[in-house]
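>>> Need coordinates for the following:
(one chain, ligands or ions: 1)
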Amino acid sequence: MGKGAKMIILIDFGSQTAHLIARRIRELGTDVMIAVPEVELERIKQLKPQGIILSGGPADVFKKGAPTTNPKIFDLGAPILGICYGHQLMGHLLRGKVITGSKKEFGPVELIIEKSSSLLSGVPSGITVWMSHGNEVVKLPEGFVDNARTATKPHTVISNENKKLYGIQFHPEVVHTEYGEQILENFLRICGIAPKRRKFSRQFVDNLIQDVKDSVRNEKVICALSGGVDSSVAALLVHKAISKNLTSYYIDSGLMRDGETESLQKVFSQHYKMDIQIIDAKDKFFRALKGIKDPEEKRKLIGRVFIEVFETAAEKTGAKFLVQGTIYPDVIESAGTKHAQVIKSHHNVGALPEKMNLALIEPLRNFYKDEVRQIGEILGLPKTIINRQPFPGPGLAVRIIGDVTEEKLEILRMADKIIQQEVEKTDWIKKLWQIFAVFTGIKTTGVRGDGRVYGETIAIRAIEAKDAMSASFAKLPYELLEKISLRIVTEVPEVNRVVYDITNKPPATMEWE
Ligand code: XMP
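Residues are numbered from 1 along each chain as shown. The predicted structure is shown next:
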């Protein structure tokens, strides 16, 4: 960091959204250094941050062993913003009181501002903010005032303007918090920084390509292409850097959506003239998945088989590098940071690099999905791929509750195809992050003709989100839902009930498993 550069230190207490906080601050033109809670006070002093942010985290501040920080941090004179766990930690260390509340708050909550502050400047009362917590500050530390509450809880925003200390219980970094960006901008202003906005340029993408060129030189590189946005953008970046030295493998696990393999072949082999090897491994996956019901076991097993198949194919190439379309949420959701919990085991080819002595190329590791799309657009990828809905690595297997069979897959595929066809006829397709069918595994009673039937239940999951960290269910019109439902029960005879998932993330994840 150059002399005199303005910088914020973010202490990460294991938050799922720590990197998102950092990203938002960086988007506002300010550098962020992410530190572990164990960072020495002396080190913080040396770095002379303009301000400090204490992130959220899954622990309870009052429990033994919970990550904490040196209380002298509050006397350094740098403005401090505590978010969620960080807010509670500030309350706790400054001798307020934090307890486990009788009611948890998850998802959207109305914020009632009682007394504005420099942090809440320009933020109106009555906005929706995003919560994810069970603990709460019940007594303020000395010198603090209350700025805002929710309908059920006080002390949601607190401040000590003299010492420039601010605590907020909700998450300003997630897009579902209204005026979240304004709050972060206000904090930067409190820190003496004038916020400004950043956007990717052609030059930025050229630099990414050059980075790949410089790291790979004349070596051979392999890639596992899934057809999703991430692996497509990663593969194309590498292709632009080294052209024929890249071989991409597409493994057909039998867990893909209808028509997936064919459309992928068309774009990459025909349009970009990339070297794509298609491997049919359906039988292998089905044999391995037989009778497996546990979601984590399914995820891990699919990852394992994937690696086996990929390894066998890739061994012959003599490659030294492996490209992965890892993006930032994959890193955090697989507990990439020290204090975070594992939410789901993300499917990747993790074990392969060590086994085959491969070095990793992860050009998208620091970016979120919407940023990856921006990069794809600059690279000239067709809209059909850039706007493609995210699809989980373990495929339809995590959209079938219980064991995976070919029959269930076929039912799911038919239902999913109907959903896609109907949504594509509307503008909703542009607004949704994802919409898909889930095979719930629940059988219910129905009536067809004059007879009783006992059939399957399909759930529709439709999500609006800007990144994978938080989401709200889409308020699709009943007419559209009815059309989909009617077509599914008519065209997929095994299904006699369709339900709509109306849960936000958090607490529900987007995929059911
Ligand atoms: P969840 O279910 O964790 O999903 O809220 C967030 C987003 O990530 C996708 N997803 C995955 N993507 N490998 C991936 O590449 C995976 O194992 C995986 N699991 C979930 C999911 O479709 C959603 O868009």
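>>> How about the residues of the stretch 351-500 of the chain by the ligand?
Proximity of the stretch 351-500 of the chain to the ligand (CB under 6 Å from any ligand atom) is limited to residues 390, 392-394, 434, 468. Where you see a C-beta, it was placed from the backbone N, CA and C, and this is true even at glycine.
>>> Which of those fall in strands?
Those of these mapping onto strands are Q434, per DSSP state E.
>>> Please identify, among the residues of the stretch 351-500 of the chain next to the ligand, the one with the most neighbours.
In terms of neighbours by other CB atoms under 10 Å, those top out with P394 at 27 neighbours.
>>> That one contacts G254, doesn't it?
No. Using CB atoms under 8 Å, P394 makes no contact with G254, being 11.9 Å away.
>>> What count of nearby residues applies to K355?
When neighbours are counted by other CB under 10 Å, K355 registers 10.
>>> The ligand versus that one, what's the distance?
Noted for K355: a distance of 20 Å to the ligand, by CB to the nearest ligand atom, to the nearest Å.
>>> And for E136?
E136 is 25 Å from the ligand, by CB to the nearest ligand atom.
>>> Please apply the same query to Q169.
Q169 sits 22 Å away from the ligand, going by CB to the nearest ligand atom.
>>> Now that residue. Nearest residue, chain neighbours left out?
T156 (4.6 Å; CB to CB, 6 or more residues apart in numbering).
>>> same thing with L322?
What sits nearest to L322 in space, not counting adjacent residues and going by CB to CB, 6+ apart, is L358, at 4.4 Å.
>>> ok, the one you found touching F321?
Yes. Counting by CB under 8 Å, L358 does reach F321; the two are 6.2 Å apart.
>>> which neighbours do those two share?
Both L358 and F321 are in contact with I222, where contact means CB atoms under 8 Å, 6 or more residues apart in numbering.
>>> ends of stretch 43-59, how far apart?
24 Å (CA to CA, to the nearest Å).
>>> Can you give me the buried ones in that stretch?
Buried residues in stretch 43-59, counted by 16 or more other CB atoms under 10 Å: 44, 49-59.
>>> again, but for stretch 304-319
Neighbour-count burial for stretch 304-319 flags 305-307, 309-310, 313-314, 319 (criterion: 16+ other CB under 10 Å).
>>> Please compute how far that stretch lies from its chain's middle.
Relative to its parent chain, stretch 304-319 has a centroid offset of 28 Å by CA atoms, centre = their mean, to the nearest Å.
>>> List of residues touching that stretch?
Stretch 304-319 is contacted from outside by 219-222, 224, 247, 249, 251, 253, 277, 279, 281, 284-285, 288, 322, 347, 349-352, 355-356, 358, 393, using CB under 8 Å, 6+ apart.
>>> Recalculate using a threshold of 7 Å.
Surrounding stretch 304-319, the residues in contact under the criterion CB atoms under 7 Å, 6 or more residues apart in numbering are 220-222, 224, 247, 249, 251, 277, 279, 281, 284-285, 288, 349, 351-352, 355-356, 358.
>>> Let me see the contact set for K293.
Going by CB under 7 Å, 6+ apart, K293 touches 402-403.
>>> Provide the secondary structure category for it.
Put simply, K293 is coil when judged by DSSP: H, G, I helix; E, B strand; the rest coil.
>>> Now do it against V221, distance only.
From K293 across to V221, the span is 37 Å (CB to CB, to the nearest Å).
>>> Spell out for me which residue occupies the centre of this structure.
Nearest to the geometric centre of the chain sits A468, at 2.7 Å (CA atoms, centre = their mean).
>>> Surely that one is in contact with K369?
Yes. Proximity of A468 to K369 meets the contact threshold set by CB atoms under 7 Å, at 6.3 Å.
>>> could you measure the residue located most distally from the centre of the chain against the ligand, distance?
Centroid-distance maximum for the chain: D450 at 47.1 Å, with CA atoms, centre = their mean. Computed as CB to the nearest ligand atom, the D450 to the ligand distance reads 41 Å.
>>> That residue and I21, how far apart?
Applying CB to CB, the value for D450 to I21 is 60 Å.
>>> Identify the residue of the stretch 1-150 of the chain closest to the ligand, quick one.
When scored by CB to the nearest ligand atom, the stretch 1-150 of the chain has Q16 as its residue closest to the ligand, at 10.0 Å.
>>> quick one: secondary structure of that residue?
Going by three-state DSSP: Q16 is coil.
>>> I'd assumed S470 was in contact with it.
No. Using CB under 7 Å, Q16 is not in contact with S470, being 9.1 Å away.
>>> ok, A397 - contacts?
Counting by CB under 7 Å, 6+ apart, A397 makes contact with 255, 289, 298, 302, 404.
>>> on that earlier part again, need the per-residue pLDDT for the residue of the stretch 1-150 of the chain closest to the ligand.
Looking at Q16, its pLDDT stands at 86.
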